[in-house]
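Visitor: Here is a sequence together with a model predicted from it:
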Amino acid sequence: MTRVLDSRKGLFYKARPLGAVVAALWTAVAAAEVVSGAQLPDGSQKVGENRYRAPGDFEKTLEYYKTVYPVSSYPRRAIVNQPGVKAVHISNPSGKNFEGLNIYEANDEVRLYVVPLQSAPGSGNKPVKKPEPKSGKKSR
């Protein structure tokens, strides 16, 4: 029994599962909100200045940020790891727009804090020097 390679059988394209996952992630990333240069998950709600409520649980939020800000380029460190409280800081090595992100979970709620840039010492806001008082001697 020989199989014909030039048959029209199987011409329909079947999407690969990995391609569907990548497309879904790309859509999620493309629809996300950007605040001060930091990307937030779609569905995040503002709760204060630079503070947002994430739509998913802590692990889901960390997975989202692994795709948006890869661990190899954006270092992470645990801030707190106590019973009932978890927190991770993601550093922004470029230093543009924001210093980093804090992701934390407390009271069954996941919050995000966009850490704003701190003004560097001596940049733009230099104190004005007062003229030094002259000595009490008068010159003649």
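Guide: Here it is on my side, so go on.

Visitor: by contact count, what packs against the helix or strand containing Tyr52?
Guide: Assigning secondary structure by DSSP states H and E places Tyr52 in strand 51-53. With contacts defined as 3 or more Cβ pairs under 8 Å, 6 or more residues apart in numbering; DSSP states H and E, the packing partners of strand 51-53 are strand 45-48, strand 109-116. Any C-beta I mention is one placed from the backbone N, CA and C, and that applies to glycine too.

Visitor: Compare those strands and report which one is nearest to Ser73.
Guide: Nearest to Ser73 among the helices and strands packed on strand 51-53 is strand 109-116; the distance by Cβ to Cβ comes to 17.0 Å.

Visitor: Flag every buried residue along the closest one.
Guide: Neighbour-count burial for strand 109-116 flags Val110, Arg111, Leu112, Tyr113, Val114, Val115 (criterion: 16 or more other Cβ atoms under 10 Å).

Visitor: and the nearest residue to the first one once chain neighbours are set aside, what is it in contact with?
Guide: In space, not counting the residues next to it along the chain, Val110 is nearest to Ala54; the distance is 4.1 Å by Cβ to Cβ, 6 or more residues apart in numbering. If a contact means Cβ atoms under 8 Å, 6 or more residues apart in numbering, then Ala54 has Leu40, Pro41, Ser44, Thr61, Ile103, Val110, Arg111, Leu112 as its contacts.

Visitor: For the fifth one, list each beta-bridge partner.
Guide: The bridge-partner assignment for Ile103, based on DSSP bridges, gives Val88, Leu112.
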